[in-house]
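K.L.:
got a predicted model here, sequence first, then my questions.
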Amino acid sequence: MTSSPTPPPAPSGPPAEHRPLRRLTARGRDEAHRVASSLELFFDLCFVVAIAQAGVQLVHALAEGHAGEGILNYAMIFFAIWWAWMNFTWFASAYDNDDVLYRVVTLIQIAGVLVLAAGVSRAFDEHEFLLVWLGYAIMRLAMTAQWLRVARACGGAERTMALRYAVGVLLCQIGWLGLLVLPEHARPWVFLVIAPLEMLVPLYAEKAHATSWHPHHIAERYGLFTIIVLGETIAAATVAVKSSLDENDALGELLPIAAGGLLIIFAAWWIYFVVPIHGHLRSNRESFLWGYGHYLIFASGAAIGAGLEVAVEQAVGEAHISTLSASASVTLPTALFLLTVWALHSRFYKVGIAQQLVLPTASLLVIVCTFLGSWAVLATGLVCALAVAAGVTLTARMAARERGASGSSGERTTAPVG
């Protein structure tokens with residue numbers, strides 16, 4: 001996760017031993033057919049519980065007209081969820097030996113995120129962060145234990161790296177105590193100080209030795225979590241529409257929101273997965289920005305679902321905010337999602353100015369849709385769908401030109417569709 005040199009290849013292949021307890025040593029970047037494990041998938045699903053809780057509280061804050069406070073609390077809590085997930089993901093990509101102790105410590109991390117999820121409503125409503133801090137502490141202490149296992153099993157620069165991780169995580173966890181002991185007005189400053197320090201720990205720890213994460217595995221893990229976030233967005237929006245239809249006869253008001261929301265989420269999936277991003281993850285320097293930037297992708301993707309719920313509540317008169325505010329709760333996270341996906345990896349696979357401009361232009365048009373009143377969500381969905389269609393068309397034309405240029409040589413050019 002840093003700009004340090006790529007480490008020498010570790011022995012490839014999964015651990016050959018099957019004892020209950022094994023040394024926690026690095027896996028190789030050249031492993032064939034490396035895929036997410038069932039434990040990792042279970043880990044992701046449990047984390048979505050916390051994301052869902054954060055989304056519910058964001059909906060309440062926006063619907064009650066407390067956008068600034070709600071977004072700040074959402075950003076803070078989502079950071080805790082995302083950072084704990086990301087640290088586990090990169091660690092598992094390099095060191096997952098699937099022994100009994102590794103599984104138990106991972107299950108403890110899952111318990112931690114469930115404790116954090118239980119405290120989300122208090123953090124939003126009462127500004128009480130005890131359960132959030134406790135859940136985060138459980139996850140981070142478990143992560144520290146994993147790094148200490150690595151330090152015990154390894155030597156030299158790798159051992160130094162593992163100890164730096166362990167110490168850095170513990171010191172940052174102490175810093176988060178400010179959320180409990182400092183007055184309420186000072187807590188945002190705790191976040192603004194400790195969050196960057198958390199993100200500097202990998203930079204410092206891997207200064208002399210980088211972990212042997214697997215590019216295909218990392219790309220798959222991020223992709224799977226993106227799918228889960230988008231699935232949670234669909235589920236939240238569907239429940240909101242169903243509840244409103246049960247309580248209000250407002251099909252005419254809700255149908256454009258439902259159709260627009262579906263188009264937004266379908267387009268978000270298409271745009272994210274249209275490029276084979278593992279080819280871009282060649283070194284720690286490239287992976288650093290890509291991995292950290294996904295905070296915005298995950299947070300905005302989940303926020304789209306919250307925005308759709310707010311738009312539904314406003315349409316049936318249950319949210320006491322303006323149509324403009326309700327529209328912005330959908331259009332702004334959608335624009336952020338499109339722009340961030342383009343910046344992090346789509347732009348590396350686009351050829352020519354026309355392809356490069358598709359997503360930035362779509363982001364700008366989505367923001368303009370904010371001012372279209374009750375049709376804002378549907379218009380946003382149509383813009384997203386047109387962005388996909390434009391990307392497909394431009395890619396197909398480029399491929400046709402290249403096939404024509406290859407002529408009798410019989411060469412064939414492939415490119416992402418979208």
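P.N.:
All right, it came through fine. Residues are numbered from 1 along each chain as shown.
K.L.:
okay, CA-based contacts and neighbour counts for the rest of this
P.N.:
Will do.
K.L.:
and stretch 83-90, C-alpha only, in CSV?
P.N.:
Output of stretch 83-90 as CSV, limited to C-alpha atoms (Å, rounded to 0.1, in the frame of the first residue of the first chain):
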residue,chain,number,x,y,z
TRP,A,83,-10.7,1.3,7.1
ALA,A,84,-11.2,-1.9,9.2
TRP,A,85,-12.4,-3.8,6.1
MET,A,86,-9.6,-2.5,3.9
ASN,A,87,-6.9,-3.4,6.4
PHE,A,88,-8.2,-6.9,6.7
THR,A,89,-8.5,-7.3,2.9
TRP,A,90,-4.9,-6.3,2.1
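K.L.:
identify the residues contacting Leu372.
P.N.:
Counting by C-alpha atoms under 8 Å, 6 or more residues apart in numbering, Leu372 makes contact with Ala379.
K.L.:
can you tell me the element the residue nearest the centre of the chain falls in?
P.N.:
Against the mean C-alpha coordinate of the chain, by C-alpha atoms, centre = their mean, the closest residue is Phe298 at 3.0 Å. Using DSSP states H and E, Phe298 falls within helix 284-315.
K.L.:
what element comes up after that helix heading to the C-terminus?
P.N.:
helix 323-344.
K.L.:
would you indicate which residues of that following helix are buried?
P.N.:
Residues of helix 323-344 classed as buried by neighbour count (16 or more other C-alpha atoms under 10 Å): 323-342, 344.
K.L.:
where does this protein have low pLDDT?
P.N.:
The chain contains residues with pLDDT under 70 at 1-18, 249-250, 277-286, 406-418.
K.L.:
which parts of it are helices?
P.N.:
All helices of the chain, identified by DSSP state H, fall at 38-63, 67-95, 100-118, 120-125, 130-153, 156-175, 178-181, 187-205, 215-247, 251-273, 284-315, 323-344, 352-369, 376-406.
K.L.:
so which elements touch the first one?
P.N.:
Meaning helix 38-63. On a contact count with 3 or more C-alpha pairs under 8 Å, 6 or more residues apart in numbering; DSSP states H and E, helix 38-63 meets helix 67-95, helix 100-118, helix 120-125, helix 215-247, helix 284-315.
K.L.:
circling back: so which of the helices of the chain is nearest Ala26?
P.N.:
Closest approach to Ala26 among those is made by helix 67-95 (4.8 Å; C-alpha to C-alpha).
K.L.:
got the angle for the closest one vs helix 100-118?
P.N.:
180 degrees (axes from the mean of the first three to the mean of the last three C-alpha atoms, to 10 degrees).
K.L.:
how far is helix 67-95 from where the chain is centred?
P.N.:
Counting by C-alpha atoms, centre = their mean, to the nearest Å, helix 67-95 is centred 8 Å from the centre of its parent chain.
K.L.:
quick one: buried residues of it?
P.N.:
Applying 16+ other C-alpha under 10 Å to helix 67-95 flags 67, 70-71, 73-86, 88-95 as buried.
K.L.:
try stretch 301-317
P.N.:
So for stretch 301-317, counting by 16+ other C-alpha under 10 Å, buried means 301-316.
K.L.:
kindly report the same for stretch 391-407.
P.N.:
391-392, 394-396, 398-399, 403.
K.L.:
return the distance of that stretch from the chain's centre.
P.N.:
33 Å.
K.L.:
closest to Val56 out of the helices and strands packed on helix 38-63?
P.N.:
That would be helix 284-315 among those, by C-alpha to C-alpha, at 6.9 Å.
K.L.:
want to throw the helices and strands packed on helix 38-63 into CSV with distance to Ala26?
P.N.:
Formatted as CSV, the helices and strands packed on helix 38-63 follow (distance: least, C-alpha to C-alpha, whole Å):
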stretch, distance to Ala26
helix 67-95, 5
helix 100-118, 13
helix 120-125, 35
helix 215-247, 14
helix 284-315, 16
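K.L.:
relative to Arg34, which of those is closest?
P.N.:
Closest approach to Arg34 among those (C-alpha to C-alpha): helix 215-247, 5.9 Å.
K.L.:
quick one: that closest one to chain centroid distance?
P.N.:
On C-alpha atoms, centre = their mean, the centre of helix 215-247 falls 12 Å from that of its chain.
K.L.:
for that helix, name the packing helices and strands.
P.N.:
So helix 215-247, by 3+ C-alpha pairs under 8 Å, 6+ apart, packs with helix 38-63, helix 67-95, helix 251-273, helix 284-315.
K.L.:
hang on, isn't Ala302 packed against Ile227?
P.N.:
No. Judged on C-alpha atoms under 8 Å, Ala302 makes no contact with Ile227 at a distance of 10.7 Å.
K.L.:
who touches both of those two?
P.N.:
If you check Ala302 and Ile227 against C-alpha under 8 Å, 6+ apart, no residue is contacted by both.
K.L.:
got the contact list for Val341?
P.N.:
Here Val341 is in contact with 271-272, 297 (criterion: C-alpha under 8 Å, 6+ apart).
K.L.:
measure it to Arg187 for me?
P.N.:
30 Å (C-alpha to C-alpha, to the nearest Å).
K.L.:
Ile71 too?
P.N.:
Distance from Ile71 to Arg187, by C-alpha to C-alpha: 14 Å.
K.L.:
then Ala50?
P.N.:
21 Å.
K.L.:
repeat for Ala302
P.N.:
Taking C-alpha to C-alpha, one finds Ala302 at 24 Å from Arg187.
K.L.:
with Leu197 instead?
P.N.:
Leu197 is 15 Å from Arg187, by C-alpha to C-alpha.
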